[in-house]
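K.L.:
Okay, structure incoming, though there's no sequence with it:
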């Protein structure tokens, strides 16, 4: 006989939901969004470390040094320091927002129901989902290029396809990504664990290839591209904000992964070991390889896929491209498909299951890359480059996501004091449909950011968007909850 009311049990600090008919019959629940059982939380610190190594070693990370030197006016040394500091800073919201995922086994959209409301959670979810779909498209473009070069190194006829071959590679890689995620979290864990050591090996191999052709002393001595006499502080802070923005997305939806962690210690230690140093070293590799590319292949090349494509040996190109494909696949599946898959399910869990949500993510990402694909097919002509979109995006979207991160941390640790009604997050009778405190705290920093774009005096508010947004969003949310508590948890028990 099915139990009527849900029960929550606790084991070594991890809470588990035994769903009754009150949750099982709710329109806010489906199997994929349900809290993970304690027995399903099998990711140890090494799995979490491998997850971050797999996500960090990717083409965009490789190009970060070039982005900071070309677009943010930093020297090579300043750029690398900005990358290291940014990833140490972003560990704070990453580890804090991972706590409720580990404790309760809930994904990001369900956690947002506490701070934005049962229905209101869909707004920040869709903001996060759109960004992820865009990144999914960008990474799939790189993966498709790698497949094109891989097949071109094996079959001479494939090379003649040109842009059409790149589009075909895009669709192959697109399909492979969706297949992995549809298979579930264990497939992603297996992929990340397998790919991490391979990706480290690729980085070491590229470094050995490049080092005889570059002088680190000369590289670090290259002057920054900013007005002479300009203070480094404002340029460094803008670059730092952009680099924090690189993982601003994951600092929100980290519960999508921490819900599988075996303990809080595993998620904390795994993230500390896996993120900052990997990002720093692979970005450093990108700087070195770009500087060495002139001597290696005769022209300056800022992305590894194109650089390796210049190698004359088909065997080495095929091997390198196979590893690049694995690298991009491990990043794309974890960083850019898992979150929107859960976010889209949150709209209507009874209607949209994981398979449907994965396909929806894929088609949105495909649509966002439609312009670039049509260019490659020769159907349109455009001067808009993918690199320009990518570099300008970092600062803009970090300004949107910062307030959400601040609100989530304040809600869980200061307002709810780490106590959530687990069953209530899947029903309509405990948390409000719309938590207007969350929306006011989100809206004020966003409006101020938009206004600052037209004001020289307040341009710093946009330049430091993630920091200003997260701090102001969290403060406003705390103040609102202290002065006008929302109709909230009827019972703040676990």
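P.N.:
All right, it came through fine. Keep in mind it's a predicted model, so treat the numbers as computed, not measured.
K.L.:
can you list the weak-confidence ranges in the stretch 351-494 of the chain?
P.N.:
384-399, 486-494 (pLDDT under 70).
K.L.:
Show me where the stretch 1-150 of the chain has its strands.
P.N.:
7-11, 14-18 (DSSP state E, counting those that start in this stretch).
K.L.:
Could you dump those into JSON lines and include distance to residue 169 and mean pLDDT?
P.N.:
C-beta: built from backbone N, CA, C; applies to glycine. Below are the strands of the stretch 1-150 of the chain laid out as JSON lines (distance: least, CB to CB, whole Å; pLDDT from 0 to 100):
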{"stretch": "strand 7-11", "distance to residue 169": "47", "mean pLDDT": "92"}
{"stretch": "strand 14-18", "distance to residue 169": "42", "mean pLDDT": "95"}
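K.L.:
and among those, the most buried is which?
P.N.:
strand 14-18 (a mean of 19; mean count of other CB atoms under 10 Å).
K.L.:
Give me the packing partners of that one, helices and strands only.
P.N.:
strand 7-11, helix 91-104 (3 or more CB pairs under 8 Å, 6 or more residues apart in numbering; DSSP states H and E).
K.L.:
which one of the ones you listed lies closest to residue 35?
P.N.:
Checking the helices and strands packed on strand 14-18 against residue 35 by CB to CB gives helix 91-104 as the closest, at 5.9 Å.
K.L.:
now the angle between strand 14-18 and that closest one, please.
P.N.:
Counting by axes from the mean of the first three to the mean of the last three CA atoms, to 10 degrees, helix 91-104 lies at 40 degrees to strand 14-18.
K.L.:
what angle sits between helix 91-104 and strand 7-11?
P.N.:
120 degrees.
K.L.:
Name the residues of helix 91-104 that are buried.
P.N.:
For helix 91-104, a neighbour-count test (16 or more other CB atoms under 10 Å) marks 91, 93-104 as buried.
K.L.:
by contact count, what packs against it?
P.N.:
Against helix 91-104 (3+ CB pairs under 8 Å, 6+ apart) you get strand 14-18, helix 108-116, helix 248-253, helix 255-258, helix 264-274, helix 386-410.
K.L.:
go again using 6 Å as the cut-off
P.N.:
The contact analysis (3 or more CB pairs under 6 Å, 6 or more residues apart in numbering; DSSP states H and E) places helix 91-104 against helix 255-258, helix 264-274, helix 386-410.
K.L.:
Count the residues that sit near the residue lying closest to residue 112 once chain neighbours are set aside.
P.N.:
Computed as CB to CB, 6 or more residues apart in numbering, the closest residue to residue 112 that is not its neighbour in sequence is residue 121, at 3.9 Å. Number of residues near residue 121 (other CB atoms under 10 Å) recorded here: 28.
K.L.:
now swap in the one 3 residues further on and tell me
P.N.:
Other residues within reach of residue 124, judged by other CB under 10 Å, total 25.
K.L.:
Skipping adjacent residues, who's closest to it in space?
P.N.:
residue 404 (4.9 Å).
K.L.:
quick one: the one you found and residue 246, what's the gap?
P.N.:
Distance, residue 404 to residue 246, by CB to CB, to the nearest Å: 16 Å.
K.L.:
Residue 153 now?
P.N.:
Residue 153 is 31 Å from residue 246, by CB to CB.
K.L.:
swap in residue 309?
P.N.:
From residue 309 to residue 246 the distance is 25 Å (CB to CB).
K.L.:
Give me the more crowded residue out of residue 404 and residue 246.
P.N.:
residue 404 (30 against 23).
K.L.:
Go ahead and confirm that one touches residue 126.
P.N.:
No: using CB atoms under 6 Å as the test, residue 404 is too far from residue 126 to be in contact (11.7 Å).
K.L.:
one step back: format the strands of the stretch 1-150 of the chain as JSON lines; extra columns: distance to residue 45.
P.N.:
Shown next, in JSON lines, are these (distance: least, CB to CB, whole Å):
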{"stretch": "strand 7-11", "distance to residue 45": "19"}
{"stretch": "strand 14-18", "distance to residue 45": "16"}
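K.L.:
count of neighbours near the closest residue to residue 139 other than its chain neighbours?
P.N.:
Spatially, and ignoring its direct neighbours in sequence, residue 139 is nearest to residue 332 (4.3 Å; CB to CB, 6+ apart). If you count neighbours by other CB under 10 Å, residue 332 ends up with 29.
K.L.:
Sweet, I'm off.
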